[in-house]
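J.: return atomic coordinates for the entry below.
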Amino acid sequence: MGKMQELHLLIKDVSAENITRLSDFAILQEKIGIHVNVTDSEQNEVVIRYDQEHVQEKLTRKAGRKKKKSDMTVGEVKILQSRGMNRAAIARELGINRSTLQRRIKKAEANTLPDDAFI
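T.: Have a look, this model is predicted:
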């Protein structure tokens, strides 16, 4: 996760009703990772703590098809290719699209994926 950030606010002339409403609001924010603390001293202070990456993760839909998991490594794909198996047949065996396989092989060839990484 990212770095926890804090925001300190001083609020003057706040009624008890508004402090209660702010506390209720804080309960809702807890669900997405924003922590709001309200002090009840004469100088009302609101401290808001949050991790921006965590909040962003909570707010995303995570829609769409999930990436298929494979039990074949980059090295194994290279071995199959060296034995004459074409990329379309390898992709069928993995249950992925040929263009997806080609994109992942291209990434591996650019040295961004090690040979023991899964396709």
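J.: what lies in contact with the lengthiest helix in the chain?
T.: The single longest helix within the chain, with elements called by DSSP state H, is helix 16-30. Contact with helix 16-30 is made by 35, 36, 37, 38, 40, 44, 46, as judged by CB atoms under 8 Å, 6 or more residues apart in numbering. From N, CA and C alone the C-beta is placed, and that goes for glycine too.
J.: what about it, distance to the chain center?
T.: 28 Å (CA atoms, centre = their mean, to the nearest Å).
J.: and for stretch 84-96?
T.: Distance, stretch centre to chain centre, for stretch 84-96: 30 Å (CA atoms, centre = their mean).
J.: pLDDT of that stretch, averaged?
T.: For stretch 84-96, mean pLDDT rounds to 90.
J.: and for stretch 104-118?
T.: In this model, stretch 104-118 carries a mean pLDDT of 79.
J.: may I have stretch 91-110 exported as PDB, CA atoms only?
T.: Taking Å, rounded to 0.1, in the frame of the first residue of the first chain, the C-alpha atoms of stretch 91-110 are listed here in PDB:
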ATOM      1  CA  ALA A  91      -2.600 -20.500 -27.100                       C
ATOM      2  CA  ARG A  92      -5.300 -23.100 -27.600                       C
ATOM      3  CA  GLU A  93      -3.600 -25.400 -25.100                       C
ATOM      4  CA  LEU A  94      -3.500 -22.500 -22.600                       C
ATOM      5  CA  GLY A  95      -7.100 -21.500 -23.300                       C
ATOM      6  CA  ILE A  96      -6.100 -17.900 -24.200                       C
ATOM      7  CA  ASN A  97      -6.200 -15.900 -27.400                       C
ATOM      8  CA  ARG A  98      -3.200 -16.100 -29.700                       C
ATOM      9  CA  SER A  99      -2.800 -12.300 -29.600                       C
ATOM     10  CA  THR A 100      -2.700 -12.500 -25.800                       C
ATOM     11  CA  LEU A 101       0.000 -15.100 -25.900                       C
ATOM     12  CA  GLN A 102       2.000 -13.100 -28.400                       C
ATOM     13  CA  ARG A 103       1.700 -10.000 -26.200                       C
ATOM     14  CA  ARG A 104       2.900 -11.900 -23.200                       C
ATOM     15  CA  ILE A 105       5.800 -13.500 -25.200                       C
ATOM     16  CA  LYS A 106       6.800 -10.000 -26.400                       C
ATOM     17  CA  LYS A 107       6.900  -8.800 -22.800                       C
ATOM     18  CA  ALA A 108       9.000 -11.700 -21.900                       C
ATOM     19  CA  GLU A 109      11.400 -11.100 -24.800                       C
ATOM     20  CA  ALA A 110      11.800  -7.500 -23.600                       C
END
